[in-house]
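[1] Build the 3D model from these lines:
(one chain, ligands or ions: 2)
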Amino acid sequence: MPLVLPATTWIEPGARRRAGDEAAALGRSRALLVTDDFIARSGVAAEIAGVLGAAGLAVAIFDGVEPDPTDAAVDEGRAALVSHEADVVVAVGGGSVLDAAKTIAVRGGNPGPLRQYMGYQQLQGAGLPVIAIPTTAGTGSEATRVVVITDTSTDTKMMLLDDRLCPTVALVDVELSATMPRPLTAHVGVDTLTHGIEAYVSAKATDETDPLAIACVQRCGLHLEAAWRDGDDLEARAGMARAAYEGGAAFANASVCLVHGMSRPLGAVFHVPHGLSNAVLLPAVTAFSLPGAPDRYAGVARALGLAYGEDDTDAAGQALLRGLEDLNRRLEVPRLRDLPGVDRATFDAALPKMAADALASGSPDRNPVVPAAEEIEELYRRAW
Ligand SMILES: NC(=O)c1ccc[n+]([C@@H]2O[C@H](COP(=O)([O-])OP(=O)(O)OC[C@H]3O[C@@H](n4cnc5c(N)ncnc54)[C@H](O)[C@@H]3O)[C@@H](O)[C@H]2O)c1
Ligand SMILES: [Fe+2]
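    Residues are numbered from 1 along each chain as shown. Ligands and ions are numbered 1, 2, ... in the order given. Okay, here's the model as predicted:
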């Protein structure tokens with residue numbers, strides 16, 4: 001299996017200021033800067049537009065992306081791209097903005113209903129190059145050939161994986177993600193950790209993805225809690241920004257598994273942020289999956305610093321289960337039942353659809369233990 005990654009990656013403080021030079025090096029002259037309202041108001045979008053302008057590019061800004069982007073937002077962004085006659089897309093934001101921008105960039109060569117391109121390698125035409133600048137740490141979308149877009153007609157989160165969705169340039173700049181408040185730091189940080197873990201235990205893990213996955217997990221063990229405790233701890237913030245890239249690079253080439261398979265339907269039905277829905281599921285799903293890959297999970301425990309050389313595989317696995325529960329407690333990740341807008345009756349009624357959508361995504365097939373629909377429903381209940 002090839003390892004598909006951005007052609008160029010910069011991971012350093014201030015990397016965002018390279019956007020102009022990178023766009024010019026690609027021979028581009030008209031940029032559509034895709035972002036959201038928050039980043040636009042923060043001044044970061046204007047700063048990067050300035051950098052692009054200074055490198056000779058004509059810039060238009062589309063700031064209409066909302067969390068968990070929809071097919072409708074993608075089409076709006078596409079219209080902005082056409083009207084500006086853009087030849088490069090610069091994405092500045094969290095995973096939602098990056099995913100929307102990556103999809104906008106391929107829409108020209110793939111104009112059919114987005115649902116048609118769902119799944120693996122379904123795109124037909126090439127797209128424009130994307131320069132991805134993440135502001136969360138994070139989904140790792142800057143490193144992935146994956147997007148998640150909500151289909152507004154069915155309220156499902158569609159996953160598209162295609163080499164043409166991989167950004168051409170990733171600019172990972174710790175100065176952007178350092179402004180995340182505590183809850184966001186926790187949610188996106190556990191998303192990162194989940195990418196590393198799932199890539200490592202996936203049935204599709206390879207010799208190429210393993211080092212990326214383990215580096216991601218190790219860095220989460222070192223830096224996630226520190227970044228959450230003290231947002232000004234730039235070393236921890238930089239560690240998590242790098243971990244996010246590594247986690248994305250690993251999972252997009254090795255697949256995610258059951259946590260992500262179950263997390264997307266939760267997000268679609270209850271509008272729970274992606275990282276949070278992973279976080280609430282991770283302990284229960286890990287307990288379920290452990291018997292399918294005990295050595296791999298022991299490796300995760302060791303990388304997280306939860307187990308040591310002298311611990312046997314079983315002890316390391318048990319330490320991991322305790323460690324993940326503890327991590328959620330320490331990062332103040334709420335239980336599902338404590339979230340506003342999620343009531344038990346609606347949750348119970350939604351279980352069959354969520355389980356069916358989880359299975360349909362294909363991700364559970366890569367899990368160390370492949371679940372049946374009833375087992376998925378039971379795991380949702382355990383996370384309640
Ligand atoms: N493509 C992939 O590989 C991949 C992987 C995992 C998740 N995802 C998708 O990514 C989306 C989630 O992305 P996310 O978790 O990065 O959150 P997000 O992009 O939805 O952002 C959440 C909120 O945080 C704000 N925000 C962004 N940067 C900030 C900063 N530095 N400081 C303060 N606030 C900031 C945003 O404006 C937004 O309001 C979901 O749709 C999920 O399905 C994609
Ligand atoms: Fe994720």
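[2] who's in contact with residue 333?
    Residues in contact with residue 333 (C-beta atoms under 8 Å, 6 or more residues apart in numbering) are 186, 187, 190, 276, 279, 280. Where C-beta positions appear, they are placed from N, C-alpha and C, glycine not excepted.
[3] no no, residue 47
    residue 16.
[4] Phi, psi for it please.
    Main-chain dihedrals, residue 47, degrees, to the nearest 10: phi -60, psi -50.
[5] What's the local residue count around the closest residue in space to residue 356 that isn't next to it in sequence?
    When the adjacent residues along the chain are set aside, residue 356 lies closest to residue 373, with 6.5 Å between them (C-beta to C-beta, 6 or more residues apart in numbering). Residue 373 has 15 neighbours, counted by other C-beta atoms under 10 Å.
[6] just the contacts of residue 333 now: which is nearest ligand 1?
    Using C-beta to the nearest ligand atom, residue 187 comes nearest to ligand 1 of the contacts of residue 333, at 6.4 Å.
[7] Identify the residue nearest the closest one in space, chain neighbours excluded?
    residue 275 (3.1 Å).
[8] host element of the residue positioned nearest the centre of the chain?
    Nearest to the mean C-alpha position of the chain, by C-alpha atoms, centre = their mean, lies residue 139 at 2.5 Å. Under DSSP states H and E, no helix or strand contains residue 139.
[9] Give me the phi and psi angles of the closest residue to it other than its chain neighbours.
    Nearest in space to residue 139, with sequence neighbours left out and distances taken as C-beta to C-beta, 6+ apart, is residue 95 at 3.1 Å. In terms of degrees, to the nearest 10, the main-chain angles of residue 95 are phi -60, psi -30.
[10] Over to residue 127?
    Main-chain dihedrals, residue 127, degrees, to the nearest 10: phi -130, psi -170.
[11] what's the distance between it and ligand 1?
    In this view, residue 127 and ligand 1 are 15 Å apart by C-beta to the nearest ligand atom, to the nearest Å.
[12] so what's residue 119 up against?
    Contacts of residue 119 by C-beta under 8 Å, 6+ apart are 159, 160, 161, 362.
[13] how close does it get to residue 361?
    Going from residue 119 to residue 361 by C-beta to C-beta, to the nearest Å gives 9 Å.
[14] Give me the subset of the contacts of residue 333 that lies in helices.
    186, 187, 190, 276, 279, 280 (DSSP state H).
[15] could those be laid out in JSON lines, adding distance to residue 80?
    As requested, these are exported to JSON lines (distance: C-beta to C-beta, whole Å):
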{"residue": "186", "distance to residue 80": "33"}
{"residue": "187", "distance to residue 80": "29"}
{"residue": "190", "distance to residue 80": "33"}
{"residue": "276", "distance to residue 80": "30"}
{"residue": "279", "distance to residue 80": "34"}
{"residue": "280", "distance to residue 80": "35"}
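[16] Closest one to residue 295 out of those, please.
    residue 190 (23.2 Å; C-beta to C-beta).
[17] so does stretch 239-247 get close to ligand 1?
    No: figure legend: stretch 239-247 not in contact with ligand 1 (C-beta under 6 Å from any ligand atom); closest approach 8.7 Å.
[18] Any idea how far that stretch is from the middle of the chain?
    11 Å (C-alpha atoms, centre = their mean, to the nearest Å).
[19] So which residues on the protein come close to ligand 1?
    36, 38, 67-68, 93-97, 99, 135-136, 138-141, 144, 146-148, 176-177, 179-180, 184, 188, 191, 248, 274-275.
[20] And for the residue of the stretch 151-300 of the chain found nearest ligand 1, the neighbour number?
    With C-beta to the nearest ligand atom, the shortest gap between the stretch 151-300 of the chain and ligand 1 falls at residue 274, namely 3.6 Å. A count of nearby residues for residue 274, using other C-beta under 10 Å, gives 24.
[21] ok, now the one 5 residues further on?
    With neighbours defined by other C-beta under 10 Å, the count for residue 279 comes to 28.
[22] surely it meets residue 330?
    No: the pair residue 279 and residue 330 fails to qualify as a contact (C-beta atoms under 8 Å) at a distance of 11.7 Å.
[23] circling back: can you work out which residues contact both of residue 119 and residue 361?
    Common neighbours of residue 119 and residue 361 (C-beta under 8 Å, 6+ apart) are residue 159.
[24] Just the buried ones from the residues of the chain next to ligand 1, in ChimeraX syntax?
    Applying 16 or more other C-beta atoms under 10 Å to those leaves a buried subset, and the ChimeraX line that selects it is:
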select :36,38,68,93,94,95,96,97,99,135,136,138,139,140,141,144,146,147,148,176,177,180,184,188,191,248,274,275
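[25] and the residues of the chain next to ligand 1, which of them are in strands?
    Secondary structure defined by DSSP state E assigns 36, 93, 146, 147, 148 of the residues of the chain next to ligand 1 to strands.
[26] Find the helix or strand that the closest residue to residue 40 other than its chain neighbours is a member of.
    Distance criterion C-beta to C-beta, 6+ apart; nearest residue to residue 40, sequence neighbours excluded, is residue 63 at 4.0 Å. Following DSSP H and E, one finds residue 63 within strand 58-65.
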